[in-house]
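Asks: the sequence and its predicted three-dimensional model are supplied below.
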Amino acid sequence: MELSLTQRDQQVIWHPYTQHKNMVPPIPVSKAEGALLFDEKGNSYIDAISSWWVNIHGHAHPYIAEKIYEQAKKLEHVIFTGFTHEPAVQLAERLLNILPGNFSKIFYSDNGSTAVEVAIKMAIQFWKNEAAVGRRLSVVRKKILAFKNSYHGDTFGAMSVSERSIFTFPFNEYLFEVVFIDTPSAENIEELTKIINTHGNEIACFIYEPLLQAAGGMLMYEAKYLDKLLDELKKKNIICIADEVMTGFYRTGKFFASGYLQNKPDIICLSKGLTGGTMALGVTAASQKIFDAFISDDKSKTFFHGHSFTANPIACAASLASLDLTEKEDCFNQVKNIENQNNNFAAHLTSHISHLTIKNVRSLGTILAFEIISGNDSYLNSISASITKQALQKGIYIRPLGNTVYILPPYCITDNQLSTVYSFLLDIIMTNEK
């Protein structure tokens, strides 16, 4: 008897973030279009979380597919040490023109975690290189500052600058030390300022997810207090690294979340929506100040980092195509439509739903989130699997972070599809209330 694709998968595949004992069999997706995924039987599912937050223009977008095809016929890949190519240079030129800050160089890698690894290594080596050329540094800065509840990826450097949690627990003793502080607010900004004034000369860099801590539970905080914190950090010449892997390309309502801020980062990390969700690609953009610290006759000051698929031409072509779409007025209008509908739905939940059922209803740009009050606030809360199962039965795909329910749809989602998602969210809230 011939095995189904799901059965074959279960024999050979180890899935990410999946406990395989008693796991729900994976759904075989045969094709996708717009905001919809289709299984082998033709059933459709609204992709309400953009396939792990990457797909911004919809699946199988013909324009991006065409540009990928055109590039694949010309140059699929070439080593990026000693060679260059048009898609990489053009993408860097375009990004430098739109990034929120004074950036001068683009470093390519493979994904969000590696983009963060690159940023951390740049910041650490910056201070090593500065000390080596006699910049009169009283101490080589080594401390790294990050937020509590942060998540920056699964590689070791990215895990190190992430909050110690269920994601990092098996590896905690192998991670380098980081100073974690609360996200800034009216209540703690003075305390945070004192910490920076006291220890600023020891801190090499500060890494942050601007305005939204995604994997930490879609936690949102105010731009004005982050601005005040960044102002103090910059007074101490601390390198500021914005992790915009998730928040870039209109996710928060602006092209980049840093666009809400007066103070801009020295280094910025991008991935996910960078290619429209079609290819793996990471970007770390650095200011001229950072780059200059690596220019020397001393070869030991070289930035010794790279990936086999650095600046892959096909991935760069996909990013250029995605940028073409993102910069169109239609895309901005789609974002604003989702933002307005999310705000209206959030207001409805806040005013009509019992505070004993859900809490902390919030929205930012295309992101809507709230907590179901059921058991502990935890990524391991079993209600997540239950809600995902119920959603699939209704033709919707969402994947709560424990009891944190959220949606983050592709911008092409229709009003009817969004209404279907909202109706389902109301259903699970009412079910939980009973």
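Replies: Done, it's in.

Asks: chain center to stretch 86-96, what's the gap?
Replies: 21 Å (Cα atoms, centre = their mean, to the nearest Å).

Asks: do the same with stretch 122-130
Replies: Distance of stretch 122-130 from the chain centroid (Cα atoms, centre = their mean) equals 25 Å.

Asks: how about the CA coordinates for it, as CSV?
Replies: Output of stretch 122-130 as CSV, limited to C-alpha atoms (Å, rounded to 0.1, in the frame of the first residue of the first chain):
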residue,chain,number,x,y,z
MET,A,122,30.5,43.4,14.6
ALA,A,123,29.8,45.2,17.9
ILE,A,124,32.1,43.1,20.0
GLN,A,125,35.0,43.3,17.4
PHE,A,126,34.4,47.0,16.9
TRP,A,127,35.6,47.7,20.5
LYS,A,128,38.5,45.2,20.2
ASN,A,129,39.7,46.9,17.0
GLU,A,130,39.3,50.3,18.5
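
Asks: just the buried residues of that stretch, please?
Replies: By neighbour count with 16 or more other Cβ atoms under 10 Å, stretch 122-130 contains the buried residues 122, 123, 124, 125, 126, 127, 129, 130. From N, CA and C alone the C-beta is placed, and that goes for glycine too.

Asks: among those residues, which ones are in strands?
Replies: Using DSSP state E, no member of those falls within strands.

Asks: make a markdown table out of these and add pLDDT.
Replies: Below are these laid out as a markdown table (pLDDT from 0 to 100):
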| residue | pLDDT |
| --- | --- |
| 122 | 98 |
| 123 | 97 |
| 124 | 96 |
| 125 | 96 |
| 126 | 96 |
| 127 | 94 |
| 129 | 93 |
| 130 | 90 |
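
Asks: show me the two of the residues you listed that sit farthest apart.
Replies: Spatial extent of these (Cβ to Cβ) is set by the pair 122 and 130 at 12.3 Å.

Asks: narrow the buried residues of stretch 122-130 to those in helices?
Replies: 122, 123, 124, 125, 126, 127, 129, 130 (DSSP state H).

Asks: closest one of these to residue 206?
Replies: Using Cβ to Cβ, these come closest to residue 206 at residue 123, 9.0 Å.

Asks: check contacts around the closest one.
Replies: With contacts defined as Cβ atoms under 8 Å, 6 or more residues apart in numbering, the neighbours of residue 123 are 144, 204, 205, 239, 241, 267, 290.

Asks: now do 10 Å
Replies: 141, 144, 203-207, 238-241, 266-267, 286, 290 (Cβ atoms under 10 Å, 6 or more residues apart in numbering).

Asks: burial count for residue 75?
Replies: Neighbour count of residue 75, defined by other Cβ atoms under 10 Å: 15.

Asks: same check on the one 5 residues further on?
Replies: Burial of residue 80 is recorded as 18 neighbouring residues (other Cβ under 10 Å).

Asks: which residues of the chain score low on pLDDT?
Replies: For the chain, the stretches flagged by pLDDT under 70 are 133-139, 433-434.

Asks: show me it divided up by domain.
Replies: In terms of domains, the chain is parsed into 5-61+328-433, 75-326 (source: automatic domain parsing).

Asks: okay if I get the ones you listed as TSV plus distance to residue 67?
Replies: What follows is the domains of the chain, written out as TSV (distance: least, Cβ to Cβ, whole Å):
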stretch	distance to residue 67
domain 5-61+328-433	10
domain 75-326	4
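
Asks: what's the closest of those to residue 68?
Replies: Judged by Cβ to Cβ, the one of those that comes nearest to residue 68 is domain 75-326, at 5.4 Å.

Asks: ends of that closest one, what's the gap?
Replies: 25 Å (Cα to Cα, to the nearest Å).

Asks: name the nearest of the buried residues of stretch 122-130 relative to residue 255.
Replies: residue 122 (23.2 Å).

Asks: now do the same contact list for the closest one.
Replies: 105, 107, 205, 239, 241, 266-267, 284, 286, 290-291, 293-294, 303, 305.

Asks: among these, name the buried ones.
Replies: Buried, going by 16+ other Cβ under 10 Å: 105, 107, 205, 239, 241, 266-267, 284, 286, 290-291, 293, 303, out of those.

Asks: Provide the backbone phi and psi angles at residue 51.
Replies: phi 50, psi 60 (degrees, to the nearest 10).

Asks: go ahead and confirm it touches residue 273.
Replies: No - at 11.0 Å, residue 51 and residue 273 do not qualify as touching, with contact defined as Cβ atoms under 10 Å.

Asks: who has more neighbours, these two?
Replies: Higher neighbour count among residue 51 and residue 273: residue 273, with 26 against 16, using other Cβ under 10 Å.

Asks: who are the contact partners of the closest residue in space to that one that isn't next to it in sequence?
Replies: Leaving aside its sequence neighbours, residue 273 sits nearest to residue 249 (Cβ to Cβ, 6 or more residues apart in numbering; 3.9 Å). Applying Cβ under 10 Å, 6+ apart to residue 249 gives the contacts 56-57, 98, 255-256, 270, 272-276, 322-323, 325-326, 331, 335, 411.

Asks: thanks a lot, see you next time.
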